[in-house]
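Student: Need the 3D shape of this:
(2 chains)
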Protein chains: 2
Amino acid sequence: MSAANPVLVEVLRGGIVESRHRGAYAVVDGDGRLAAAAGDIERPVFPRSSMKILQAVPLVESGAADRFACTAAELALACASHNGEEAHVATAAGLLARLGLGEGDLACGAHAPSHGPAAKALAARGEAPCRLHNNCSGKHAGFLTVARHLGAPVAGYEQRRHPVQQAVFEAVAGLAGQAADLPYGIDGCAAPNPALPLHGLALAMARIAAPAGLAPGRAAAVTRLRQAMAAHPFLVAGSGRACTRLMQAARPGTVVKVGAEGVFIAIAPDPGLGFALKIDDGGTRAAEVLIARLLDRFGLIRDDARATVADLLTTPLANWGGTPVGEIRIAPDWT
Amino acid sequence: MSAANPVLVEVLRGGIVESRHRGAYAVVDGDGRLAAAAGDIERPVFPRSSMKILQAVPLVESGAADRFACTAAELALACASHNGEEAHVATAAGLLARLGLGEGDLACGAHAPSHGPAAKALAARGEAPCRLHNNCSGKHAGFLTVARHLGAPVAGYEQRRHPVQQAVFEAVAGLAGQAADLPYGIDGCAAPNPALPLHGLALAMARIAAPAGLAPGRAAAVTRLRQAMAAHPFLVAGSGRACTRLMQAARPGTVVKVGAEGVFIAIAPDPGLGFALKIDDGGTRAAEVLIARLLDRFGLIRDDARATVADLLTTPLANWGGTPVGEIRIAPDWT
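Tutor: Numbering: from 1, shown residues only, chains lettered A, B, ... in the order given. Below you'll find the model as predicted:
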């Protein structure tokens, strides 16, 4: 049994540490050199939705995005875990319509919009949530675009051995410096999600941040995806979400993306770094504080925007009556 | 820095461990002897709502419950973190009315009913959640009963130096074998919540399970509270909740109670044991599996009811489409 990862984030109540979140992180440059790290970064983790930009590489690299005239908004949504707000749903629906497909072709299952007001508005109209509201609907619309372009069957596009996922796994393994037969689990949206060492996940993001060493077609593809995300922070997540807010507060071009179970990645073209972190227990509240602190440590939070993300750098906790009772903060020995 | 607590619960996806929950537990008898333990059980934890039965001791011991003719249902609700369903709200409102008080006298703040359908029904009627829906409204009604009985001011009953909380802290410290000036934080409901070693929390529960060594008045009070909870598992939590379901599946007389941030206690009069556990990171999903496994290990889950709590002993995980993708299970080395 390996040593425990360090405590990176603490939850305080009345000045006493109530809960502790352990984890690991890696910050690397495009050549794979570590700029910062803590914990076991070679243990495989599921990147979950943090890797959507990697899963979208075949969409651009194959020519599918050009053939179906994908907009930057549609590419951003392909890399998003969106709130199911109107703009998200409309963007996914628009791409599907151009493919001659519909909501029923999505394999991602339905769930209520993640954004409370959007969910309430839907319920107030007497409508049931559909697959377009699934936070992954943009990614799945992207998969379907690739399937159409390859002339592959639409049904089963989410299966590991389908040509779409074969292309996805090749791109992921190549960018992360891993063998192509990566182990995988099934994600919440039914797509296969490979397990990667955190170090490899950070490396893939660093290669997007600093793509000079990549083949020209791949370099162009990842740059187009990164720029699409950076240009559309709202589409990548939505109202009130940490990804959206951190991208809006970061240096231009920076991408921030959450994954379920306590994962975050960031892509910083200036100064060419890739970030990946995983909270051992899957706690998103801790992952948000850790990614905000890591971005800040590398000078990526703009001074003029720092106040807008103060609650992510240290999260105040209040009781039901609104009285402050504690905070979620970075642990003293996190570096 | 003390050694890390052991991994007690794992989250699996596709046969690979995705997330890990560390923690500690103590199972003790009425004399404080350990029957089982793991991790650091001397480090202070906030018991949060798991200790409501301890906070209710003055309600019975002082004579307040008799004077105001509290029913077993009202005593159970005083020890509850309830769902805000109709029976919960009506029981709290009934006690307040007998005190000549109302919802506005509760210091606990308002939140929507924890039970989704109850929250939806309230919204459908166009009503806003009030303090009676707060999961702690029964506890606060109990505090107010003590204040009335003591002739103390009603306003400020949730303040640490108010006679009600003085009585609470004396009872808690006495049962847990701690000094009366326990450090504390402010709970979600505005009441002070003392920090206790897990060992002490388990000891307090063991003394309720096996009260022979207590002063007669205290023994009678804790037995009446335990029996009230055991007789009303629905009032202690509500529809679908782990506390309710585990009590319904356990040997008669057993009490199970959750606390926020990954805490559970159990009180088992047969065979006279007290249980306390804390998941380091505050993860309730892990705490539920651990308490179910601990109860089962000590023979407290009835054979005829085991199937009704199978999803607590090992929790299956499915994706949005309903396909199984993994599980939350007890870790191999948890004992």
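
Student: just how off-centre is the biggest helix by length in chain A within its chain?
Tutor: Secondary structure of chain A read by DSSP state H shows that its longest helix is helix A:216-231. Per Cα atoms, centre = their mean, to the nearest Å, the displacement of helix A:216-231 from the mean C-alpha position of its chain is 15 Å.

Student: same check, this time on stretch A:304-312
Tutor: Distance, stretch centre to chain centre, for stretch A:304-312: 20 Å (Cα atoms, centre = their mean).

Student: what do you get for stretch A:90-107?
Tutor: Worked out by Cα atoms, centre = their mean, stretch A:90-107 lies 22 Å from the chain centre.

Student: quick one: that stretch near chain B?
Tutor: Yes - on the criterion Cβ under 8 Å from any Cβ of the partner chain, stretch A:90-107 is in touch with chain B at A:A107. C-beta: built from backbone N, CA, C; applies to glycine.

Student: and the helix or strand following the longest helix of chain A, what other elements does it pack with?
Tutor: Tracing the chain past helix A:216-231, the next element assigned as helix or strand by DSSP states H and E is helix A:233-236. Here helix A:233-236 touches helix A:72-78, helix A:86-98, helix A:242-249, going by 3 or more Cβ pairs under 8 Å, 6 or more residues apart in numbering or on different chains; DSSP states H and E.

Student: Which residues of the stretch 101-250 of chain A lie near chain B?
Tutor: Within the stretch 101-250 of chain A, the residues that sit near chain B (Cβ under 8 Å from any Cβ) are A:107-111, A:134, A:183-190, A:193, A:195.

Student: List the residues that contact the spatially closest residue to A:A191 that is not a sequence neighbour.
Tutor: Spatial nearest neighbour of A:A191, excluding adjacent residues (Cβ to Cβ, 6 or more residues apart in numbering or on different chains): A:E158 at 4.9 Å. Contacts for A:E158 (Cβ atoms under 8 Å, 6 or more residues apart in numbering or on different chains) come out as A:A107, A:C108, A:H140, A:F143, A:V164, A:Q165, A:C189, A:A190, A:A191, A:P192.

Student: picking up where we left off before, now the longest helix of chain A against helix A:242-249, angle please.
Tutor: On the basis of axes from the mean of the first three to the mean of the last three Cα atoms, to 10 degrees, helix A:216-231 is oriented at 90 degrees to helix A:242-249.

Student: continuing past the helix or strand where A:L122 lies, what's the next helix or strand?
Tutor: Element membership for A:L122 (DSSP H and E) is helix A:116-124. For helix A:116-124, the succeeding helix or strand toward the C-terminus, using DSSP H and E, is helix A:137-150.

Student: and that next one, average pLDDT?
Tutor: Averaging pLDDT along helix A:137-150 yields 98.

Student: Next secondary structure after it?
Tutor: From helix A:137-150, the next helix or strand downstream (DSSP H and E) is helix A:163-176.

Student: So in that sheet, which strands flank the longest strand belonging to chain A, and in what orientation?
Tutor: Looking across chain A with DSSP state E, the single longest strand is strand A:16-29. The sheet places strand A:16-29 alongside strand A:7-13 (antiparallel), strand A:34-38 (antiparallel), strand A:273-279 (antiparallel), with pairing taken from DSSP bridges.

Student: Any chance of those strands in a markdown table with mean neighbour count and mean pLDDT as columns?
Tutor: As requested, these are exported to a markdown table (neighbours: other Cβ atoms under 10 Å in any protein chain shown; pLDDT from 0 to 100):
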| stretch | mean neighbour count | mean pLDDT |
| --- | --- | --- |
| strand A:7-13 | 23 | 98 |
| strand A:34-38 | 16 | 98 |
| strand A:273-279 | 29 | 98 |
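
Student: Compare the ones you listed and give me the one nearest B:G200.
Tutor: strand A:7-13 (17.7 Å; Cβ to Cβ).

Student: Can you list the neighbours in contact with the closest one?
Tutor: A:17-23, A:25, A:38-39, A:279, A:283, A:285-286, A:289-290, A:317, A:325-331, A:333-334, B:46, B:185-186, B:193, B:261, B:282.

Student: out of those residues, which are buried?
Tutor: A:17-23, A:25, A:38-39, A:279, A:283, A:285-286, A:289-290, A:317, A:325-331, A:334, B:46, B:185-186, B:193, B:261, B:282 (16 or more other Cβ atoms under 10 Å in any protein chain shown).

Student: what distance separates the start and the end of stretch A:250-258?
Tutor: Across stretch A:250-258, the terminal residues are separated by 15 Å (Cα to Cα, to the nearest Å).

Student: ok, now stretch A:9-20?
Tutor: End-to-end distance for stretch A:9-20: 6 Å, by Cα to Cα.

Student: Over to stretch A:232-251?
Tutor: Terminal-residue distance, stretch A:232-251 (Cα to Cα): 14 Å.

Student: Next, the angle from the least confident helix or strand in chain A by mean pLDDT to helix A:86-98.
Tutor: For chain A, counting by mean pLDDT, DSSP states H and E, helix A:116-124 ranks last in confidence among helices and strands (a mean of 91). Helix A:116-124 and helix A:86-98 are oriented at 60 degrees to each other (the same axes, to 10 degrees).

Student: which helices and strands does helix A:116-124 pack with?
Tutor: Against helix A:116-124 (3+ Cβ pairs under 8 Å, 6+ apart) you get no helix or strand.

Student: can you dump the C-alpha coordinates of it into PDB?
Tutor: The C-alpha trace of helix A:116-124 is given here as PDB (Å, rounded to 0.1, in the frame of the first residue of the first chain):
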ATOM      1  CA  GLY A 116     -31.400  25.100 -10.400                       C
ATOM      2  CA  PRO A 117     -33.400  28.000 -12.000                       C
ATOM      3  CA  ALA A 118     -33.200  26.300 -15.400                       C
ATOM      4  CA  ALA A 119     -34.600  23.100 -13.800                       C
ATOM      5  CA  LYS A 120     -37.400  25.000 -12.100                       C
ATOM      6  CA  ALA A 121     -38.300  26.900 -15.300                       C
ATOM      7  CA  LEU A 122     -38.500  23.600 -17.200                       C
ATOM      8  CA  ALA A 123     -40.700  22.000 -14.500                       C
ATOM      9  CA  ALA A 124     -42.900  25.200 -14.400                       C
END
